[in-house]
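S.K.: build me a model:
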Amino acid sequence: MVERVIPERFRSAHSSRLNVVQSVDAGRTAVTDARLLRRTPRSLLAAGGLVIFDVLWLIGGLFHRPEHPLPGWLPLPVLVALAGQACWQAGLSPQLDPASRRFWQQLTVACGLFGAGTVANAFDALGGPTPSQRIGPISLAFYLSVLGIVLWALLRLPSWYRTRGDWIRFGLDACMVLITAAALVWHLSLRDHRDWIAQTGSAGAMLAIIVVALISVATFVKVAFAGAGLLDRRAMQILAVGSAASASLGGLSPLLVSRPYLSTSMVAIPVAAFSLHLAAARQLRAARSSSVQRRRSWRISLVPYLAVAVTGALLLTTSTSQPTETAIMQALTVLLALVVVLRQVLALRDNNQLLATVDGQLEDLRRYQNQLEHQATHDSLTGVANRALLERHLRRLLADQQSFSLVLLDIDDFKAINDRLGHGAGDRLLRLVSNRLTDAIGPSGIVARLGGDEFALLLDAAADLETVTDSISFAIREPIDLAGMTASIATSIGISTRCTGDSAEELLRRADVALYAAKAAGGDCRRWFDPEMDHAAEEASNLSADLRRALLDGQIFVLYQPIVDLHTNATIGAEVLIRWQHPQRGLVPPDVFIPLAERNGTILELGAWVLRAACRQVRQWQHRYGDQAPTKISVNVSARQLAQPDFAEQVASILAETAVDPSTLILEVTETAVLSTDAALPQIARIKQLGLRVALDDFGTGHSSLSLLLACPVDALKVDRSFVSGVHAEGAGAIITRNLIGFIEDFGIEAVAEGVETVIQADRLRQAGYRFAQGYLFGRPMPAADLEQRFVSPAPSIIA
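M.R.: Take a look at the predicted model:
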């Protein structure tokens, strides 16, 4: 029969009422137990000696009648007193919870009554004209009081059984113990009960004591195996074994009817007292060492099996010549069988309930496992596959020698959208893109998000890549409503197809190289991987590494492109342009190394160096030429510089270091740089507070140029060369250029026309109202010494 033991995770409601300490490991417990054994108190050793004395006394009395039975009774009150002292010490232990201390204090009270009952029992046995086994009413009252207190203390323990079903199970177990005990007592002792009753005159009293003792034993067993509060399990097991042994010895009294000078109390009481003493000592030491263990496990209850086996054996050994005894044993057997059946029915019901609970828990675990597996293999934001699942599919397809294509894509200018409209809008955009990708490739492919705005598509070899990528690009370009604004986005695509011997990592690398090539081509396009791309990527990687050392090695320098007054032809300023003289490659074009610097972060160091170099040069010119020094020196600022929280402080530090007049400096920012981060506009406002001016570079090429003028406090606009190049023709470019100057002046902003290369362009710009311009017509980028000649000795006018 399987005893129902509810696991810890199913008993949260009840376990909250218990302050159960955590169990220590087996090694530490073994060491602690060995140390405790070496510190066994002398009182326990003395008690053990007295128990041995009483056992030997009783055994000796079976073979030789002593002169007087008093020595056999003398150790009993001493043993009980020692047990009471041990219980009292355990009841005062601060390491125990209040319920456990109360239990040991109640056992202390029981020991006091037990000692009094022992003394009264000795007077009953020795007070008559001859020794007897008589138990008087006073002794009976003491013994029953002791058993009542013990039973009450046990039942009040915060053990695990508290429901009505638990009480029913406990009652049935107690009935099994009582029925089996009754059969044993009848078979072994009470068949010849007339002589014993005649001598003791207290058969009913003795039977009452035995019955209550057996009930206490059953309770002890339950508590010992189920656990209660901070009570030590081994201490409770010692009490259970001692109580069972004492009750069993007490039930053998009729066997000593021919020896009235002996009494089973001489061994039953010492065994009970010693087990109580030993259990209290064990509890006290375990509490002090914090080695209380609480191990829960499935256990097999042997009580029904033992009860049926013992009663059945007694029935088989009962003589058929004694019909009364046979009838009694048969009745007890039938009664026991009924109790066992009831107990079994309850156990089966409990097991079914427990199995149903376990099934429910297993179902929950399966659901949680599926959820965890989905979370581990899918992107939490978009719900599509993640990198781990993509790589798993890649390895499977490679192992199966299947043909397929891998497509990587990301959203062009996603960071600008995310920073400007907020992360909420960026997350919504990613979800919309993932949905559109899933719809575009259908069920035959796999969509995965690798991180940020980068997605991967795993397509079957049968898929037409051009058609699929075209449909993807078309789907992505569909207008999207973000934060109350309608946005149209584009995507860059890199494609890699499987080749023999490829690994998942190599496929991803090649697709990433192709994606990089698409981004380098300006975005909104697709590129198939080509082996030449590896060479280009390697070159870019090497060049990026060289760029990190270029500034330290003195390979970076600046040139100045003149800015002229179209009406006077005077050079009034210049734009500072950075250049890189590579020791092996020669002069590296800016459109090659500046994007590299943006990607690897060296743009921050380069930008600070250029600003410092420009300020020092302006300071020299102001000190050397005074009023003839240029009044407009423009320095380009990248988006990454503007995104730095302390950029304005860096500019202020450079101004203080070089002692330059800040009104001479103009910081040029692009529309993309302003829109790429929310920190740009506050940074520009702080820069203007320092006394510098701000110009918006490449004006007219962005998405929101006009609206940006309302939000960005700029002092000048640099009209992009794409408009200037067509100013001499009667086309759209000329119309835009002529009309731009009108509303620019209405804003109170200066305009500088970029990319002027012909006299006709310069003349048309002057006629349209432009005052300042720069371009190859007025001079290519030049060293500072050459620029000095321009504003010291003005060149003749080249404009008619």
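S.K.: out of everything not next to it in sequence, what's closest to Ile687?
M.R.: Excluding the flanking residues, the one nearest Ile687 by C-beta to C-beta, 6 or more residues apart in numbering is Ala648, at 5.5 Å. Any C-beta I mention is one placed from the backbone N, CA and C, and that applies to glycine too.
S.K.: can you count the residues close to Gln581?
M.R.: 14 (other C-beta atoms under 10 Å).
S.K.: these two touch, right, it and Leu559?
M.R.: No. Using C-beta atoms under 8 Å as the test, Gln581 is too far from Leu559 to be in contact (11.2 Å).
S.K.: which residues do those two both contact?
M.R.: Shared contacts of Gln581 and Leu559 (C-beta atoms under 8 Å, 6 or more residues apart in numbering): none.
S.K.: show me what the longest strand along the chain is packed against.
M.R.: When the chain is parsed with DSSP state E, its longest strand is strand 571-582. Where contact means 3 or more C-beta pairs under 8 Å, 6 or more residues apart in numbering; DSSP states H and E, strand 571-582 is packed against helix 531-550, strand 556-565, strand 586-588, helix 590-600, helix 603-625, strand 632-636, helix 784-792.
S.K.: closest one to Lys415 among those?
M.R.: Closest to Lys415 of the helices and strands packed on strand 571-582 is helix 590-600 (C-beta to C-beta; 11.7 Å).
S.K.: how many other residues sit next to Arg387?
M.R.: Using other C-beta under 10 Å, Arg387 has 16 neighbouring residues.
S.K.: please report how far it lies from His378.
M.R.: Distance from Arg387 to His378, counting by C-beta to C-beta, to the nearest Å: 11 Å.
S.K.: swap in Ala183?
M.R.: Distance of Ala183 to His378, computed by C-beta to C-beta: 67 Å.
S.K.: look at the two and report which has more neighbours.
M.R.: Ala183 (25 against 17).
S.K.: was I right to think the more buried one contacts Leu332?
M.R.: Yes. Counting by C-beta under 8 Å, Ala183 touches Leu332, with 4.8 Å between them.
S.K.: between the two, what contacts are shared?
M.R.: Thr311.
S.K.: average pLDDT for stretch 248-263?
M.R.: Here stretch 248-263 scores 70 as its mean pLDDT.
S.K.: from start to finish, how long is that stretch in a straight line?
M.R.: In terms of C-alpha to C-alpha, to the nearest Å, the two terminal residues of stretch 248-263 are separated by 13 Å.
S.K.: same question, stretch 664-683
M.R.: End-to-end distance (C-alpha to C-alpha), stretch 664-683: 19 Å.
S.K.: pull the distance from it to the chain's centre.
M.R.: Remark: stretch 664-683 is offset 41 Å from the chain centroid, using C-alpha atoms, centre = their mean, to the nearest Å.
S.K.: same check, this time on stretch 580-593
M.R.: For stretch 580-593, the distance to the chain centre is 50 Å (C-alpha atoms, centre = their mean).
S.K.: straight-line length of it, end to end?
M.R.: 8 Å.
S.K.: would you confirm that Gln761 contacts Gly726?
M.R.: No. The pair Gln761 / Gly726 is not scored as a contact, 9.1 Å apart, by C-beta under 8 Å.
S.K.: between those two, which one's more packed in?
M.R.: Higher neighbour count among Gln761 and Gly726: Gln761, with 22 against 16, using other C-beta under 10 Å.
S.K.: contacts only, for that one.
M.R.: Counting by C-beta under 8 Å, 6+ apart, Gln761 touches Val724, Ser725, Val727, His728, Gly775, Leu777.
S.K.: wait, doesn't the first one sit right on Ala753?
M.R.: Yes. A contact is recorded between Val724 and Ala753 when judged using C-beta under 8 Å, the distance being 5.1 Å.
S.K.: overlap in contacts, the two.
M.R.: Thr737, Leu765, Gly775.
S.K.: ok, Val637 - contacts?
M.R.: Neighbouring residues of Val637 by C-beta under 8 Å, 6+ apart: Gly607, Leu667, Glu668, Val669, Ala673.
S.K.: of the residues you listed, which belong to helices?
M.R.: Taking DSSP state H, the ones among the contacts of Val637 that sit in helices are Gly607, Ala673.
S.K.: can you list the contacts of Val637 in CSV and add neighbour count?
M.R.: Formatted as CSV, the contacts of Val637 follow (neighbours: other C-beta atoms under 10 Å):
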residue, neighbour count
Gly607, 22
Leu667, 25
Glu668, 21
Val669, 24
Ala673, 22
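S.K.: closest one to Ile476 out of the contacts of Val637, please.
M.R.: Once C-beta to C-beta is applied, the member of these that ends up nearest Ile476 is Ala673, at 24.5 Å.
S.K.: state the number of residues packed around the closest residue to the closest one other than its chain neighbours.
M.R.: Closest residue to Ala673 apart from its sequence neighbours, by C-beta to C-beta, 6+ apart: Ala639 at 3.7 Å. The number of residues packed near Ala639 is 20, by other C-beta under 10 Å.
S.K.: test my guess that Ala639 contacts Thr670.
M.R.: Yes. Assessed by C-beta under 8 Å, Ala639 is found in contact with Thr670 at 7.4 Å.
S.K.: just confirm Leu408 is within a strand.
M.R.: Yes. Under DSSP: H, G, I helix; E, B strand; the rest coil, Leu408 sits within a strand.
S.K.: what pairs with it across the strands?
M.R.: Bridge pairing for Leu408 (DSSP bridges) gives the partners Ala456, Gly494.
S.K.: for it, give me its contacts.
M.R.: Leu408 sits next to 450, 454-457, 493-496, 508, 511-512, 514-515 when contact means C-beta under 8 Å, 6+ apart.
S.K.: do you know the pLDDT at it?
M.R.: Listed pLDDT for Leu408 reads 95.
S.K.: tell me how far it lies from Glu539.
M.R.: In this view, Leu408 and Glu539 are 21 Å apart by C-beta to C-beta.
S.K.: ok now stretch 264-284, how far from the chain's centre?
M.R.: So, by C-alpha atoms, centre = their mean, the centroid of stretch 264-284 is 51 Å from its chain's centroid.
S.K.: tell me the buried residues in it?
M.R.: 264-284 (16 or more other C-beta atoms under 10 Å).
S.K.: and if you look at stretch 573-582?
M.R.: Buried positions in stretch 573-582, judged by neighbour count with 16+ other C-beta under 10 Å: Gly573, Ala574, Glu575, Val576, Leu577, Ile578, Trp580.
S.K.: stretch 57-71 too?
M.R.: Trp57, Leu58, Gly61, Pro69.
S.K.: what's the closest non-adjacent residue to the last one?
M.R.: Pointing back at Pro69 there. In space, and not counting its chain neighbours, Pro69 is closest to Tyr261: 4.4 Å by C-beta to C-beta, 6+ apart.
S.K.: now do the shared contacts for Ala639 and Thr670.
M.R.: With C-beta under 8 Å, 6+ apart as the test, Ala639 and Thr670 reach no residue in common.
S.K.: can you give me the domain boundaries for the protein?
M.R.: Under the assignment automatic domain parsing, the domains of the chain span 8-25+41-293+301-356, 387-529, 544-791.
S.K.: where's the last one relative to the chain centroid, distance-wise?
M.R.: This means domain 544-791. Computed by C-alpha atoms, centre = their mean, the separation of domain 544-791 from the middle of its chain amounts to 51 Å.
S.K.: that one: end-to-end distance?
M.R.: Terminal residues of domain 544-791 are spaced 37 Å apart (C-alpha to C-alpha).
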